[in-house]
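Chemist: coords please:
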Amino acid sequence: MNIAIVGTGYVGLVSGTCFAEMGNQVTCVDVDERKINKLLEGEVPIYEPGLDELVKRNVDYGRLKFTTKLASILNDVEVVFSAVGTPPDEDGSADLKYVLAVAKQFGQYINKYTVLVTKSTVPVGTAKIVKEFVQAELDKRGVEIPFDVASNPEFLKEGTAIKDFMSPDRVVVGTESKRAAMMMERLYKPFLIQNMRVIFMDILSAEMTKYAANAMLATRISFMNDIANLCEWVGANVDNVRKGIGSDSRIGQKFLYAGCGYGGSCFPKDVKALVHTALENGIHMEVIEAVERVNERQKSIVYEKLVALAGNLNGKTVAMLGLAFKPETDDMREAPALVVIEKLLTDGAKVKVFDPVAMDESRRRIGNKVQYCENLYDAANEADCLVLMTEWRQFRMPDWNVLRKSMVGNVIVDGRNIWNREELEELGFVYTRIGEK
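Modeler: Numbering: from 1, shown residues only. Purely as a prediction, here's the structure:
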């Protein structure tokens, strides 16, 4: 099939590249000329394991192309995916200006039946507005051209996005048209040959499914963090509690790890947007509102533990391992590390940081307010305290003897619960983690 993907951010570029890998002719479109030029030169603007190689292969085979002009390709494509950003406004609502700009241009230039598929995460009811925008442009042109609007929310996890797309556990499609449904089924069938897991539903339900899924996962995280904080007060061990409740098949183990809060491009934004949608309809989502409050509080937990152990941080050096909100990504949107850095700097601490891939992103966000280091040992050298914010694999088994000798202090705050208390205390470290006294 010949398809277009509008937006070359995380969702758009991964989706377009994976569609091309299955043999489709894909053109990725973006208004950012600088980004498109970089892609044309073979430079991938986001970090995702395996994406560089996949983009290069499909460009070399001629299946993946890039342009800034959607109008120039609309005559050739059957499906247009809208994967543009929906950044949150100050009130938490999703900003739809980019989504509606795509709809407007789609209506201005289509000349044959084409399906416009919203892949961006959008509030419930957006498809109706998109359809109205397209129809308004067709009316201005005085033409009657058939088209359909569909919803196809993405469920990619940063760090495993290619695997998630190439072998999805489910594909959700919302559409009111049998013709559009058949086209979407044809498009996704190569990904699901062994087990066809496309779930068709009405558009409103598809839009809601995306928000509900992310809100549920965020709820599990905040729930476990709430439990972890109580465990500390009563003397229980949150890891034991997690294993105990996770063994129940009705609950399961996933997203039950205590830590320093969630971040990224999806959970914070989508939880806020869901709360806003509810308020617009006169409904208070008590559980989801609490999820957000718990998470915002949890982002400060590492700082609070550090102060409790190290006291006044003014003039002290804190080594921070990890900046990205999770491993295998350079994404620092809503990252707990940003909250902790701000508090440490306000207290007058010197902050040394290391992250395997997110250092450039950190420089872009906060400049040189912190000292960027070459590796974890460089960061810990002459540090009074060490904090873990992101559970990268290379942080799991450092040489603690080397760290003990190179650090001038001995305080360690483990924000992701990956290190062994007994081992560290035997070496003379003062160690604390989340959910354990």
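
Chemist: C-alpha only now, for contacts and for neighbours.
Modeler: OK.

Chemist: Assign a three-state SS to the nearest residue to Leu345 once chain neighbours are set aside, would you?
Modeler: Nearest residue to Leu345 in three dimensions, chain neighbours excluded: Val351, at 7.3 Å (C-alpha to C-alpha, 6 or more residues apart in numbering). Secondary structure for Val351, judged by DSSP: H, G, I helix; E, B strand; the rest coil, is strand.

Chemist: so what's Val351 up against?
Modeler: 317-320, 341, 344-345, 370-371 (C-alpha atoms under 8 Å, 6 or more residues apart in numbering).

Chemist: Flag every buried residue along the helix ranked longest in the chain.
Modeler: Counting by DSSP state H, the longest helix found in the chain is helix 203-234. Buried residues in helix 203-234, defined by neighbour count with 16 or more other C-alpha atoms under 10 Å: 203-212, 214-216, 218-232.

Chemist: just how off-centre is that helix within its chain?
Modeler: Its chain's C-alpha centre and that of helix 203-234 lie 15 Å apart, by C-alpha atoms, centre = their mean, to the nearest Å.

Chemist: name the helices or strands packed onto it?
Modeler: The elements that helix 203-234 packs onto, with contact taken as 3 or more C-alpha pairs under 8 Å, 6 or more residues apart in numbering; DSSP states H and E, are strand 147-151, strand 171-175, helix 238-246, helix 267-280, helix 286-298.

Chemist: How about residues contacting the fourth one?
Modeler: Read that as helix 267-280. Helix 267-280 has contacts (C-alpha under 8 Å, 6+ apart) with 87-88, 91-94, 121, 123-124, 211, 214-215, 218, 262, 284-285, 288-289, 292, 334.

Chemist: pull the CA atoms of it into CSV?
Modeler: What follows is helix 267-280, C-alpha atoms only, in CSV (Å, rounded to 0.1, in the frame of the first residue of the first chain):
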residue,chain,number,x,y,z
PHE,A,267,1.5,9.1,31.0
PRO,A,268,1.7,12.6,32.5
LYS,A,269,0.1,14.2,29.4
ASP,A,270,-2.7,11.6,29.0
VAL,A,271,-3.6,11.5,32.7
LYS,A,272,-4.0,15.3,32.7
ALA,A,273,-6.0,15.3,29.4
LEU,A,274,-8.3,12.6,30.7
VAL,A,275,-9.0,14.6,33.9
HIS,A,276,-9.7,17.7,31.8
THR,A,277,-12.1,15.8,29.5
ALA,A,278,-14.0,14.6,32.5
LEU,A,279,-14.2,18.0,34.1
GLU,A,280,-15.5,19.4,30.7
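
Chemist: just to revisit the earlier point, in CSV: the contacts of Val351, plus pLDDT, neighbour count and distance to Ala20.
Modeler: Putting those into CSV (pLDDT from 0 to 100; neighbours: other C-alpha atoms under 10 Å; distance: C-alpha to C-alpha, whole Å) gives the following:
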residue, pLDDT, neighbour count, distance to Ala20
Thr317, 98, 24, 48
Val318, 98, 28, 45
Ala319, 98, 28, 43
Met320, 98, 28, 39
Ile341, 98, 24, 40
Leu344, 98, 21, 46
Leu345, 98, 17, 46
Val370, 98, 18, 41
Gln371, 98, 13, 41
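
Chemist: So which of these sit within helices?
Modeler: Judged by DSSP H, helices contain the following of the contacts of Val351: 341, 344-345.

Chemist: List just the nearest of those residues to Glu304.
Modeler: Minimum distance to Glu304 across the ones in helices among the contacts of Val351 is 10.3 Å, recorded for Leu344 (C-alpha to C-alpha).

Chemist: Now do the strands in the protein.
Modeler: Ranges of strands in the chain, per DSSP state E, are 2-6, 25-29, 64-67, 79-82, 114-118, 147-151, 171-175, 198-201, 317-321, 350-354, 371-372, 385-388, 411-414, 430-433.

Chemist: Take those and write them to JSON lines, including distance to Glu43.
Modeler: Putting the strands of the chain into JSON lines (distance: least, C-alpha to C-alpha, whole Å) gives the following:
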{"stretch": "strand 2-6", "distance to Glu43": "18"}
{"stretch": "strand 25-29", "distance to Glu43": "14"}
{"stretch": "strand 64-67", "distance to Glu43": "12"}
{"stretch": "strand 79-82", "distance to Glu43": "22"}
{"stretch": "strand 114-118", "distance to Glu43": "26"}
{"stretch": "strand 147-151", "distance to Glu43": "30"}
{"stretch": "strand 171-175", "distance to Glu43": "29"}
{"stretch": "strand 198-201", "distance to Glu43": "33"}
{"stretch": "strand 317-321", "distance to Glu43": "27"}
{"stretch": "strand 350-354", "distance to Glu43": "24"}
{"stretch": "strand 371-372", "distance to Glu43": "24"}
{"stretch": "strand 385-388", "distance to Glu43": "31"}
{"stretch": "strand 411-414", "distance to Glu43": "35"}
{"stretch": "strand 430-433", "distance to Glu43": "39"}
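
Chemist: Weed out the non-buried ones from the contacts of helix 267-280.
Modeler: For the contacts of helix 267-280, buried by 16+ other C-alpha under 10 Å: 87-88, 92-94, 121, 123-124, 211, 214-215, 218, 262, 288-289, 292, 334.

Chemist: Distance of the residue nearest to Leu345 relative to Met359?
Modeler: From Val351 across to Met359, the span is 13 Å (C-alpha to C-alpha, to the nearest Å).

Chemist: Check Asn229 too.
Modeler: Noted for Asn229: a distance of 30 Å to Met359, by C-alpha to C-alpha.

Chemist: What ranges in the stretch 201-350 of the chain fall below the confidence cut-off?
Modeler: For the stretch 201-350 of the chain, no stretch has pLDDT under 70.
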